[in-house]
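**Student:** okay, here's the prediction I keep looking at, along with the sequence it came from:
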Amino acid sequence: MLILHQNFSSISISSSIDKLCSLADNNNVNERGEKRLYVIKEDKEPMETFCSLIYFAYDEINKRDVVFKQIKDIEWAKKELALMKKLEKNNVPNTIKLLDYYIDQETGDHILIFPYLKKIDTSHMDLAYIQKLMKQLISTLKCLNDLNIAHLDITLSNLMCDENDNLVLIDFGLSLNCGSEPHPIGCGTPGFIAPELFDGTCNDCTPDIYSAGIVFGILLQPYIPKCGLENLGGRFTRSDTISNIHDNLLENYIYQSNNYRKSVINITGVPVIIYKAADLLYKMTQTDPLDRIKPSEILKHPFMTASEAEFELCTYKDYIERLHSNLLKSSSKRFYEYYS
């Protein structure tokens, strides 16, 4: 999601939003015939994105916080509304649910109403929780892939959490049904856009796996140091940034894991699950979509199928303490056993 500016004081409540929130008579009902009454939250400033205005409100009927998304372009709004209904019909997991919508008959404005969700707290995230989020994200992308839908804007800002800390994928404004027409060139958020989206021929779902790989790499940065993962997701990320990261992953993790196999933790002090994570990251961020791992393969990858016991040494606090206290051993200073 691309935020256009951070000074929102100039955004006033639109007439359509004002009308939706001021209709308190019995005629103000949704398509299911249920009465609705919303109150704009004045303590939360609205936001403007590339294609919409976002307002925060309270649902007086159901006693919950909600978000209004007023989409600027009517055709764009119709497309997103149809897509949200398709996701609901097909029970796509871990996606934002459309609670209500309102169409102003005078202006034609479309207002989509969604639940208010929590941002994902990426600080001090245990590796097991990263696995959980990635399982949920890839399962969602597989369902979208099966429906021939490309999200085209997988970023950290479009991943939220519900009250149970389960992942929720939001903002389907750029999403498209895959087909004969190529996706718009450079569609998405800079730093997360797959390389094939710049050549003008991509018309499938492969870009979403690359973008999810960038998200995965950002989350892994505390666990895989000195590989350049801190450079992922930046607006000025270039192809050589990914190439350098791949070189570092191969040299410091993947080659070692292939050579030492199950003895690797005795050799380097790095838990085996870290090597599995590095391998999956490498496969998800391949710049050639033909070489990139597919959603069904990701879900079967050893990192994704790892048991709880394999994450025992990888709580954030314990792992960072071990790094800082130099408890991770150097492979060049130990006698170790090769396992072939």
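**Tutor:** Perfect, thanks for sending it.
**Student:** going by C-alpha atoms from here, please, whenever you check contacts or count neighbours.
**Tutor:** Noted.
**Student:** okay, and for the stretch 151-300 of the chain, where does confidence drop off?
**Tutor:** The model of the stretch 151-300 of the chain has pLDDT under 70 over residues 259-268.
**Student:** one more: the stretch 1-150 of the chain?
**Tutor:** 1-13, 22-27.
**Student:** can you pull out the strands in it?
**Tutor:** Residue ranges of the strands in the stretch 1-150 of the chain, as given by DSSP state E, counting those that start in this stretch, are 38-40, 47-48, 52-59, 64-71, 100-103, 110-115, 118-119, 149-150.
**Student:** of all the ones you listed, which lies closest to residue 203?
**Tutor:** Nearest of the strands of the stretch 1-150 of the chain to residue 203, taken as Cα to Cα: strand 149-150 at 8.8 Å.
**Student:** for that closest one, packing partners?
**Tutor:** On a contact count with 3 or more Cα pairs under 8 Å, 6 or more residues apart in numbering; DSSP states H and E, strand 149-150 meets strand 176-177.
**Student:** mind doing that once more with 10 Å?
**Tutor:** helix 127-146, strand 176-177, helix 206-220 (3 or more Cα pairs under 10 Å, 6 or more residues apart in numbering; DSSP states H and E).
**Student:** residue 61: neighbour count?
**Tutor:** Here the number of neighbours of residue 61 (other Cα atoms under 10 Å) works out to 11.
**Student:** isn't it right up against residue 29?
**Tutor:** No - the pair residue 61 / residue 29 is not scored as a contact, 11.1 Å apart, by Cα atoms under 10 Å.
**Student:** between those two, what contacts are shared?
**Tutor:** When contacts are counted by Cα atoms under 10 Å, 6 or more residues apart in numbering, residue 61 and residue 29 are jointly contacted by 35, 36, 37.
**Student:** distance of the closest residue to the first one other than its chain neighbours from residue 124?
**Tutor:** The shortest distance from residue 35 to any residue that is not its chain neighbour, by Cα to Cα, 6 or more residues apart in numbering, is 4.3 Å, and that residue is residue 29. Residue 29 is 44 Å from residue 124, where distance means Cα to Cα, to the nearest Å.
**Student:** out of the shared contacts of residue 61 and residue 29, who's the most crowded?
**Tutor:** Of all the shared contacts of residue 61 and residue 29, the most densely surrounded is residue 36 (20 neighbours; neighbours counted as other Cα under 10 Å).
**Student:** surely residue 117 is in contact with residue 56?
**Tutor:** No - contact between residue 117 and residue 56 fails when scored by Cα under 10 Å: they sit 11.1 Å apart.
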